Structures are given as structure tokens and as C-alpha cells.
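Chemist: Output the structure for:
(one chain, ligands or ions: 1)
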Amino acid sequence: MHILDTLVIGAGPAGIGTALALDVVDDLRYGVMDRGRIGQTFADWPEHQRFLTPSFPANGYGATDLNSIHPLTSPAYSLGVDYPTGKQYATYLRSVAKIFEIPVVNEVEVTAVTRGEDDIFVIGTTQQTLRARTVVWAGGEFHQKDLPAVPGGDLLTHSAQREAWQKRADHAVIVGGYESGIDIACHHIAQGAAKVTVVDGSSPWEDPQSSDPSFELAPRTRMRLRNAQASGKLRLHSSHAAKITRAGDSYVIELDDGQKLKTSAPPIAATGFGPGLGPVSGLFEHREDGWPLVDENDESTIFEGLFLSGAALRHGSKHFCFIYKFRQRYAQIAHVIGERLGKDTENLGAWREAGMWAEDIGACGANCAC
Ligand SMILES: Cc1cc2nc3c(=O)[nH]c(=O)nc-3n(C[C@H](O)[C@H](O)[C@H](O)COP(=O)(O)OP(=O)(O)OC[C@H]3O[C@@H](n4cnc5c(N)ncnc54)[C@H](O)[C@@H]3O)c2cc1C
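Modeler: Have a look, this model is predicted:
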């Protein structure tokens, strides 16, 4: 049976971006597979959701567009917008894959990944069984929507579901006050909700303690938050939801400070996502916080040849959950795969020159001085 050097699972920014780096390794036989189409997650975003990281076509001056997945591309340039919607970004991903002729198989789901003879990975899919020397998991986290682990948590509508964005005339209650919570709160105020309450015991809306948007609200979100507060309709409540119940046509949200909130529309969970490892979940060790454990090359610590690309990437306290962060590792993965197979990886130097290759994890994450 034909053996690939690398199979990339998932055709989002992590999968297409890693494939673009693999593409410049000389004579590498690789392919990308997605259960949907390229950029499927973005195509599935609620229509009102936009990027919070700005795009700007500054590539020619050593500052590659924050949302770009290749040194020579810029979503700001090709889309003509600075904060793309999901659909717009899916268009960008599809056009990049087309221009660079990335081999992608659409609408085939990977259902199992095991290690067969001679350390070759055996990949079960909804169509055929594949074999590959190395595998890159880039399946994203969007399909693992986290709901709060409290009684009645399953009564909440997750912010990534389209229903969460439908108009609420009276009181919208949102559990979780980080990016997605403030985003959807601002949306409901703009849509005419009479009152919006965001509950979060960790008060993420307080003044920032660091310049890292993985831990603090992004500048655009803070600007929108100030406007929403000026409307007089937004209440930020520093408590956790402890229990959710139904009372007739209403929902009651009990908070851990003893207060109760009532709303007629399903409350919204803006509580993020899990690692979403799907069929490779058992092939990674897990950190204490539940996220996958990887070594300095973003490789599984128990299955050599299995790499992780994308927003689930964590190194110590560093979270690579934005495109401009996890794209720093595409070239590293391609370099390690190429070197091990004895291929020429010299052309990856262009990624380093564009500031899109962080070989040393320790160099990432410095705080801004002011
Ligand atoms: C609401 C939201 C807003 C965000 N906003 C920003 C932002 O403004 N800026 C930023 O930089 N980041 C943002 N992020 C974070 C991050 O960029 C996204 O999560 C991004 O989608 C991650 O890219 P990915 O390629 O890892 O995953 P995805 O884009 O989810 O791609 C994964 C792909 O894998 C496929 N797949 C999954 N399982 C399988 C399988 N078993 N077999 C085959 N295919 C499979 C899926 O169909 C999908 O196409 C945001 C995330 C969310 C959820």
C-alpha cells in the first residue's frame, strides 16, 4: 500500500499552514484531509462573529499580517477587511490552498489513528485506510464546546451555536466574561436587548495584568466593552454560575454569591472549548490542566511522529491559541519531519526571515513594557 510521508488531519489555518511549510520541504509526499471543506470551522461560525485579531498588509516591512498563514499572503489584502468574518476567512484559506496547490481531500473524516508494523501510522477514515510515516493533528477545538460543569449546565446554549446570537428582547444572561462572552454581550446590546448580564467569578474585564491576549481581553474587545457599558444596559457580575434550572418558561441562574438571575431566553455559555483531539486523544499524554502534552517539537511524548498543530498547543504557561502564535510552529514541524526523513529543508529559511518560525519556544511570550 502507498505510504505517505505525512498526513495532516484538518484543513483549518493550522492544517493548511503546516501543509504550506511541508510543501517547501524537498520531495515530501504529504496530503491534507478534512471531514468538511477547507476552513470548515470558519464557514460554520455564527454570521455576526468576527476576528478580534486585526489584519493589515504589512508583510513587506517585516510584519506579516497577524492572521496570515503564509509569509507571502495577507487576508487584509485579499479580503479587503481588517476584522474578517468566519466566511471571509474561509475564503482566504481556500484561495491560499488553491494558489499553492495544496493537496486536500475534502469530506472524509479520520475516525481512528493507530500505529502498525514498522512504526507506520494506520489511519482509518470514512472512505479508505491510509498509511503514513508521520501524522499532524490539526483538527481544531471547535467541535468540543465546553459547558460549565454545574447542575443544569446543559441548559445553556454555547456561544459558538448560531442560536446564541439570535435576538433577545428582554434579559440576556451570559456565563463567562472572557473574549467570547464580552463579544456576544456587545452583540446583544447592539441588537436591542433590554438588559445583558455577564457573570464570571474571575472578572476578566478588570484592568489587564499582562499584554498577552491569551490571558487578557484584546484591545478591540475593551473598546467595544466601553461602548456597551456606556449604554447603561450591561451588568458585569463577579460571581460564578452555580446552578441553572427551568421554572416554567423561564431560566433561573443561581450564582455562588447566593444571588439569582432570571431570563426567558436560554442563557448563553461563553466558556470556551476543550482540546478536541478526537481520534488521537489516546495518543497524547495530558497535562494536569487536561491539554495535550507535547515536547519541544510539538510532538507527542508517547507516539514519536505524531505532531500537534493549532490552538490546543501549550508549552508550560504559554498558550498558542491565536493564529499568529501557533503559525510560529508550522516550519518547526515541517523541519523536524523533513530532517528525520533525510529531506532538504533549506527553503524553510524564508519562514524564519518572515518572522514566522519560532525555533526556540523560550523566546516567545515577552511582555510589552508599556
Ligand atoms: C469563536 C472563536 C473566535 C476566534 N477568534 C480568533 C481570532 O480573532 N484570531 C485568532 O488568531 N484566533 C482566533 N480563534 C482561535 C483559533 O484561531 C481558531 O480556533 C482556529 O479555528 C484554530 O485553527 P485550527 O486549524 O486549529 O482549527 P479549525 O479551524 O477548527 O480546523 C480544524 C479542521 O479539522 C477538521 N477536522 C476535525 N476533526 C477531523 C477529523 N476527525 N477528520 C478530518 N477532519 C477533521 C474540521 O472540519 C476543521 O476544518 C478563535 C476561535 C474561536 C472558537
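Chemist: From now on I want contacts and neighbour counts done on CA atoms only, so please keep to that.
Modeler: Will do.
Chemist: Which residues are in contact with Ile337?
Modeler: When contacts are counted by Cα atoms under 8 Å, 6 or more residues apart in numbering, Ile337 touches 134, 305.
Chemist: swap in Ala270?
Modeler: Counting by Cα under 8 Å, 6+ apart, Ala270 touches 158-159, 174-178, 180-181.
Chemist: hmm, the longest strand along the chain touching the ligand?
Modeler: In the chain, with assignment by DSSP state E, the single longest strand is strand 129-137. No: applying Cα under 6 Å from any ligand atom, one finds strand 129-137 out of contact with the ligand, separated by at least 8.4 Å.
Chemist: Given that strand, what are its sheet partners and their directions?
Modeler: Strand 129-137 pairs in its sheet with strand 3-9 (parallel), strand 121-125 (antiparallel), strand 306-308 (parallel), by DSSP bridges.
Chemist: Out of these, indicate the one that is most buried.
Modeler: strand 306-308 (a mean of 27; mean count of other Cα atoms under 10 Å).
Chemist: For that one, give me every contacting residue.
Modeler: 134-138, 294, 297-300, 333.
Chemist: got TSV for the residues you listed, with neighbour count too?
Modeler: Formatted as TSV, the contacts of strand 306-308 follow (neighbours: other Cα atoms under 10 Å):
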residue	neighbour count
Thr134	21
Val135	27
Val136	25
Trp137	21
Ala138	28
Val294	22
Asn297	19
Asp298	22
Glu299	23
Ser300	20
Ile333	25
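Chemist: would you turn these into JSON lines with distance to Arg340 and pLDDT?
Modeler: Putting the contacts of strand 306-308 into JSON lines (distance: Cα to Cα, whole Å; pLDDT from 0 to 100) gives the following:
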{"residue": "Thr134", "distance to Arg340": "10", "pLDDT": "98"}
{"residue": "Val135", "distance to Arg340": "13", "pLDDT": "98"}
{"residue": "Val136", "distance to Arg340": "15", "pLDDT": "98"}
{"residue": "Trp137", "distance to Arg340": "18", "pLDDT": "98"}
{"residue": "Ala138", "distance to Arg340": "20", "pLDDT": "98"}
{"residue": "Val294", "distance to Arg340": "18", "pLDDT": "98"}
{"residue": "Asn297", "distance to Arg340": "12", "pLDDT": "98"}
{"residue": "Asp298", "distance to Arg340": "15", "pLDDT": "98"}
{"residue": "Glu299", "distance to Arg340": "13", "pLDDT": "98"}
{"residue": "Ser300", "distance to Arg340": "16", "pLDDT": "98"}
{"residue": "Ile333", "distance to Arg340": "11", "pLDDT": "98"}
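Chemist: Right, I'll leave it there.
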